[in-house]
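# A structural model of the following input is requested.
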Amino acid sequence: QVHVVESGGGLVQAGGSLRLSCAASGRTFSSYVMGWFRQAPGKEREFVAAISWSGGWRYYADSVKGRFVGSSDKAKNTVYLQMNSLKPEDTAVYYCAVGPLRPEYISNATLYDYWGQGTQVTVSS
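Just a heads-up that it's a prediction; the model follows:
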């Protein structure tokens, strides 16, 4: 059984930084990708970033490009999302999810098979 667990959310002032972690277990993830999504109150879930487990392939939504950086630690089966220059509009529950590495569908939530419980990120102005 696959388990996906996010951590690292919290409250930060605008312009600050947070690092989210996503640890997965239960299978081999070498050919998979970890996607990050977020959902703000009253809004639909939106794609944020995707990082391959090797860390060699990354893709970002335009809204976070240049501010968020993904990385991975294969030994720990953990993927990270370093979030810099945070804005109030980044406030949301952030979810990580595991799915097959298919770049043409990478921003589509239906691609992902396993999801974490979410972690709250709040950016104050």
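# On the pLDDT front, check the closest residue to Arg45 other than its chain neighbours for me.
If you skip the residues right next to it in sequence, Arg45 has Gln39 as its closest partner in space, 4.3 Å away by Cβ to Cβ, 6 or more residues apart in numbering. Every C-beta, even on glycine, is put in place using the N, C-alpha and C of the backbone. According to the predicted model, the pLDDT of Gln39 comes to 98.
# got the contact list for Gln39?
Going by Cβ atoms under 8 Å, 6 or more residues apart in numbering, Gln39 touches Arg45, Glu46, Ala92, Val93, Tyr95, Gly118.
# Could you rerun that using 10 Å?
With contact set as Cβ atoms under 10 Å, 6 or more residues apart in numbering, Gln39 has these partners: Arg45, Glu46, Ala92, Val93, Tyr94, Tyr95, Gly118.
# Name the pair among these with the greatest separation in space.
Put simply, by Cβ to Cβ the two of those set farthest apart are Glu46 and Gly118, 13.5 Å from each other.
# list residues touching both of those two?
Common neighbours of Glu46 and Gly118 are listed as Phe37, Arg38, Gln39, Ala92 (criterion: Cβ under 10 Å, 6+ apart).
# what's the helix or strand for the residue nearest to the last one when sequence neighbours are not counted?
So that's Ala92. Once its chain neighbours are removed from consideration, Ala92 has its nearest residue in Arg38; the separation is 3.7 Å (Cβ to Cβ, 6+ apart). When secondary structure is defined using DSSP states H and E, the element that contains Arg38 is strand 32-39.
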